[in-house]
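> let's see this in three dimensions:
(one chain, ligands or ions: 1)
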Amino acid sequence: MKTRKFTRREVIATTSAGALGTMINWPLTSFGAGSFAKEKLAINGGTKVHSGTWPSWPVWDQSAEKEIIEMLRTGRWWRGSGEHVEEFEKKYAELMGAKRCVATSSGTTALITALGVLGVDAGDEVLVSPYTFIATYNAIFAHKALPVFVDSDPETFLLNPKKIEARITERTSAILPVHIYGLPADMDSINAIAKNSNLKVVEDACQAWLSEYRGKRTGTLGDLGCFSFQNSKHLPAGEGGAIIGNDEDLMDHCHSAHNCGRPYGKMKAAPGYPLRGGNFRMQQSQALILLSQMKRIEKDNDVRLANALYLNKRLKEIPGIVPYKPADGATRAVYHLYPFRYIKEKFNNVPKEKFISALVAEGIPAGGGYNPQNNDGLFEEAFNSRGYKRLFSESRLKQWREENHLPGNDQLCSEAVTFYQSILLGSIKDMEDIVNAITKVYENRDSL
Ligand SMILES: *Cc1c(COP(=O)(O)O)cnc(C)c1O
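Predicted structure coming up:
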């Protein structure tokens, strides 16, 4: 089996399949050969397309173990007693092209800290994408603010900037766009609206380590950018997070807020401190794991990108399979999940869940993405709480419920199919198996 090797230059920032496809000699076979029509689907007892394994996650370099054991033996486990967290912050800021970084205990605590430092307060409203991990809105709830959904664009999987302005009220204080799956959101449009309406922008880049928008790293485009290093993420440390930014004063305040409100940097010379704050500090062991993981992320992302562009190119040839469309200005995606849309009408109306089961039976692990979480129980639970009833009028909550119809997001949730990021660390043969399995399911759709 041939394996491909890419230099960084070969996979330079592009999310369009065209450039890469012409640079590398793909073994391209065009769709329509009908090569699987006579085969039985694995779900019906036939032979699987992919019989091997898939890359597992996380992957680590054993040489890092020595440093962790050495640190354990010093007893200097928290950031205040050692140098590793600070070293990580410096290197992460450098990697992201930001001036500063504050490491946190998780992505959730990074979001909570960033929103608080930017002034999001009880009774405020924050505009947010509904197509995201639940932690995004929990960070808004942590401030006793109201998450207000801006509908998704099903083609890009991202918040639709055209739908933002209609949701702004006099209480809106921030926009929290999410670069979901590592696909960059249209930050120029979002920032322009924020500027016009005097809103702060926190980027939820918790799935977007090294994605690029107009050549700049996601997380550096709003007022503050937040990342997660939870075990499943591209840069894993079990748990962990970071805030990055270019404004020294804001970053001093982030450091303070994540460290019990103790003054930091220029704050030290000024009166009035400490402020309110929490303990959201990263531990030394997390930083050591991250310093080691940082050595592989760029190379891994190159492989994911090359494989994703290959899938984009091949999958769009299959009727009813629609790869995501990059948002305006997106120049590099990192694929925490690789997403496409399944149009069941082209598959003889086979439900998405059945299509996914058929793929899984062929040896291709696939998932269905996020559900329409805007209908989850936490919203009513919050709105019926004593605190929210004090902070928001009955008429405002009634209006929220009336506006809680997100046709773009509903369509996206019903059509999305995803592959987890480590699948994209596989070989070209693995990617061909994915294409072949979907082709096989398509050609045998009548038997499902
Ligand atoms: C993982 C994630 C978070 C939260 O990060 P934790 O480190 O798990 O707290 C927030 N937003 C998104 C989009 C995520 O994927």
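
> how about the backbone phi and psi for residue 124?
Torsion angles at residue 124 (phi, psi; degrees, to the nearest 10) stand at phi -80, psi 170.

> what's the pLDDT at it?
Looking at residue 124, its pLDDT is 98.

> can you classify the closest residue to residue 415 other than its chain neighbours as helix, strand or coil?
Nearest non-adjacent residue to residue 415, counting by Cβ to Cβ, 6 or more residues apart in numbering: residue 341, 4.0 Å away. (C-beta placed from N, C-alpha, C; glycine too.) Using DSSP: H, G, I helix; E, B strand; the rest coil, the structure places residue 341 in strand.

> who touches residue 206 in this structure?
Applying Cβ atoms under 8 Å, 6 or more residues apart in numbering to residue 206 gives the contacts 107, 110-111, 133, 135-136, 178, 226-228, 233, 241.

> what do you get if the cut-off is 7 Å, keeping everything else the same?
107, 226-228 (Cβ atoms under 7 Å, 6 or more residues apart in numbering).

> and for residue 308?
Applying Cβ under 7 Å, 6+ apart to residue 308 gives the contacts 335, 338, 424.

> the first one: how many residues sit nearby?
Residues contacting residue 335 under the criterion other Cβ atoms under 10 Å number 28.

> and the one residue in the stretch 51-200 of the chain that gets nearest to the ligand, what pLDDT?
Residue of the stretch 51-200 of the chain nearest the ligand, by Cβ to the nearest ligand atom: residue 107 (2.4 Å). pLDDT recorded at residue 107 is 98.

> pretty sure it sits against residue 134.
No. Counting by Cβ atoms under 7 Å, residue 107 sits too far from residue 134 to count as a contact (11.6 Å).

> who has more neighbours out of those two?
Taking other Cβ under 10 Å, residue 107 and residue 134 do not tie; residue 107 has more neighbours (27 against 12).

> residues contacting that one?
Taking Cβ under 7 Å, 6+ apart, one finds 135, 206, 226-228, 230, 241 in contact with residue 107.

> for it, what are phi and psi?
Per degrees, to the nearest 10, the backbone of residue 107 is at phi -70, psi -40.

> check residue 224 too.
Here residue 224 shows phi and psi, under degrees, to the nearest 10, equal to phi -140, psi 150.

> please apply the same query to the one 4 residues further on.
Main-chain dihedrals, residue 228, degrees, to the nearest 10: phi -120, psi 140.

> so the nearest residue to it once chain neighbours are set aside versus residue 172, what's the distance?
Leaving aside its sequence neighbours, residue 228 sits nearest to residue 107 (Cβ to Cβ, 6+ apart; 2.6 Å). As for residue 107, its distance to residue 172 is 23 Å (criterion: Cβ to Cβ, to the nearest Å).

> return the residues in contact with the residue nearest to residue 415.
The contact partners of residue 341, taken as Cβ under 7 Å, 6+ apart, are 154, 322, 415-416.

> who is it paired with across the strands?
Per DSSP bridges, the residues bridged to residue 341 are residue 322, residue 416.

> roughly how far does it sit from the ligand?
19 Å (Cβ to the nearest ligand atom, to the nearest Å).

> can you check residue 241 too?
5 Å.

> do the same with residue 43
30 Å.

> use 44 as the first number for this chain going forward.
Sounds good: first residue 44 from here, last item residue 86.

> in three-state terms, label that residue for me.
Secondary structure, three-state DSSP: residue 86 is helix.

> could I get the full set of helices for this protein?
60-66, 106-117, 127-139, 150-160, 178-184, 230-239, 291-301, 327-358, 395-404, 420-426, 429-434, 437-445, 450-458, 471-486 (DSSP state H).

> tell me which residues touch residue 321, please.
Residues near residue 321 by Cβ under 7 Å, 6+ apart: 300-301.

> cheers, nothing more for now.
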